[in-house]
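> 3D, please:
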Amino acid sequence: MHHRPRLAQRFLHGKRIVEIFDRERINIEARNPREQPASRFVCACPVIPSQTCYDHASLPKLSLVKLRLKSLFLERVFARMMRAMSKNGSTHTPRKAARTGGAKAGPTLDLERYVPAFVTFIANKLSRSATVFYQKHFGINVTEWRIMSLLAIEPGITASRICHVIGFDKGPVSRTLTMMQDRGLIAIGTDPRDGRSHSVSLTPKGRAIHDEVIVAALERERRLLSCLRKDEREILIDLLRRVHANLGAVTGQTES
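Okay, here's the model as predicted:
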C-alpha cells in the first residue's frame, strides 16, 4: 500500500474501496501530469520498475479519482437500499409520475397514510384470497359467504337489508340469492311482516356449510391480526366501528 499516495489512502478508508480502485484500473500515469516540485514526503520503499511511487504533490487530477470513487460508493449504497425496500415491500419513497403533454405536476396521494386506500387495498386482497380459498374448500365464493354469515346472524331478513348491511348493490345481490336458492343453500319466502317483501333464510344445507366456513374464517382473521397485541386489536376494532358509523359524512346515508 505504500506505493499509493497518503491522501488517496486516507480517502479510500479500507480494503473494499481499495479493491474497487484497483478493479477500475485508474491509471494516474496516463493523465500526463504536469511536472510538480518534489514533496518533502519521500517513500521509504524501493521503487519497483513496473510501478511509480507518488507523493502528495505528484498526484494529478485527484478530484476526478475521488469523484469516481464517490460515484461507485453511492451506486452500491443505492442498490442496497432498493433491495431492502423491495424485500420489505415498502412504498414509502414515492416515484415521480412522468410528465406528459406538458402538464404541471400536481398533488399526489400518500398511500402510506391515505386511509381509504388502505381500507380498499386490504378489502380487495382479502376478498380475492378468500374467494380462492372458500371456492376450493367449500364450493362458495366470498360474496355468498358474506350473505350466509349475515343470514346466520339475522335469519329471515330481506334482500334490501342484506344490501344495506354488506354494502352491495341490489342487482348483484339478487343474482347471487337466485343462484344460492338453486343450489339449496337458502330459502326465499314471503316476509310475514310485509307481504310485498321476501325474507331470506339459510336451509339446513346452507347452515351446515356456514358452520364449516366460519372455522376457516375465524382462523384467517386470527392470522391477519397476529401482528397486534390483544389491547391493540380492541383499539383497532373500536376505531373501525367509529369510522364505519361515520360513513354517512361521505355517503349521505346513516350506517347501522
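> Flag the shaky bits of this structure, pLDDT-wise.
1-74, 77-78, 81-82, 84-102, 194-195, 254-256 (pLDDT under 70).
> End to end on stretch 103-115, go ahead and measure it.
The stretch stretch 103-115 measures 28 Å between its terminal residues, going by Cα to Cα, to the nearest Å.
> Use 32 as the first number for this chain going forward.
In the new numbering, first residue 32, that becomes stretch 134-146.
> Now do the buried residues in it.
Residues of stretch 134-146 include none that count as buried (16 or more other Cβ atoms under 10 Å). (C-beta placed from N, C-alpha, C; glycine too.)
> which stretches of the stretch 132-281 of the chain form strands?
188-189, 217-222, 225-233 (DSSP state E, counting those that start in this stretch).
> Report the separation between L267 and L256.
8 Å (Cβ to Cβ, to the nearest Å).
> on that earlier part again, determine which stretch of the strands of the stretch 132-281 of the chain is the most buried.
Ranked by mean neighbour count under mean count of other Cβ atoms under 10 Å, those are led by strand 188-189, which reaches a mean of 18.
> Contacts for that one, please.
Strand 188-189 is contacted from outside by 181-182, 222, 225, 228-231, using Cβ atoms under 8 Å, 6 or more residues apart in numbering.
> Would you reformat those residues as CSV and include distance to A134?
As requested, these are exported to CSV (distance: Cβ to Cβ, whole Å):
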residue, distance to A134
L181, 46
L182, 50
D222, 55
D225, 54
S228, 52
H229, 52
S230, 54
V231, 50
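> Could you pull up phi and psi at the closest residue to R264 other than its chain neighbours?
Leaving aside its sequence neighbours, R264 sits nearest to L256 (Cβ to Cβ, 6 or more residues apart in numbering; 5.4 Å). Dihedral angles of L256 (phi, psi; degrees, to the nearest 10) stand at phi -100, psi 10.
> got a list of what L140 touches?
L140 neighbours (Cβ under 8 Å, 6+ apart): A148.
> now it: how far from F152?
Counting by Cβ to Cβ, the gap from L140 to F152 is 12 Å.
> try S191
Counting by Cβ to Cβ, the gap from S191 to F152 is 29 Å.
> where along the stretch 132-281 of the chain do the helices fall?
146-169, 173-184, 190-197, 201-213, 235-255, 261-276, 279-282 (DSSP state H, counting those that start in this stretch).
> Deepest-packed of these, please.
Using mean count of other Cβ under 10 Å, helix 173-184 ranks as the most buried of these, with a mean of 19.
> Could you list every helix and strand in contact with it?
helix 146-169, helix 190-197, helix 201-213, strand 217-222, strand 225-233, helix 235-255 (3 or more Cβ pairs under 8 Å, 6 or more residues apart in numbering; DSSP states H and E).
> so how far does stretch 250-263 reach from one end to the other?
End-to-end distance (Cα to Cα), stretch 250-263: 18 Å.
> Identify all contacting residues around that stretch.
157, 161, 164, 264, 267.
> how about those in CSV, adding distance to G187?
Shown next, in CSV, are the contacts of stretch 250-263 (distance: Cβ to Cβ, whole Å):
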residue, distance to G187
L157, 28
A161, 26
F164, 29
R264, 32
L267, 32
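> Output the strands of the stretch 132-281 of the chain in TSV, with distance to P147 appended to each entry.
Supplementary listing: the strands of the stretch 132-281 of the chain in TSV, determined by distance: least, Cβ to Cβ, whole Å:
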stretch	distance to P147
strand 188-189	28
strand 217-222	32
strand 225-233	31
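> Between the ones you listed, which one is closest to R144.
Between R144 and the strands of the stretch 132-281 of the chain, the tightest spacing by Cβ to Cβ is seen for strand 188-189, at 37.3 Å.
> Next one: the residue lying closest to L182 once chain neighbours are set aside from Q284, what distance?
Among residues not flanking L182 along the chain, L233 sits closest, at 4.9 Å (Cβ to Cβ, 6+ apart). Counting by Cβ to Cβ, the gap between L233 and Q284 amounts to 27 Å.
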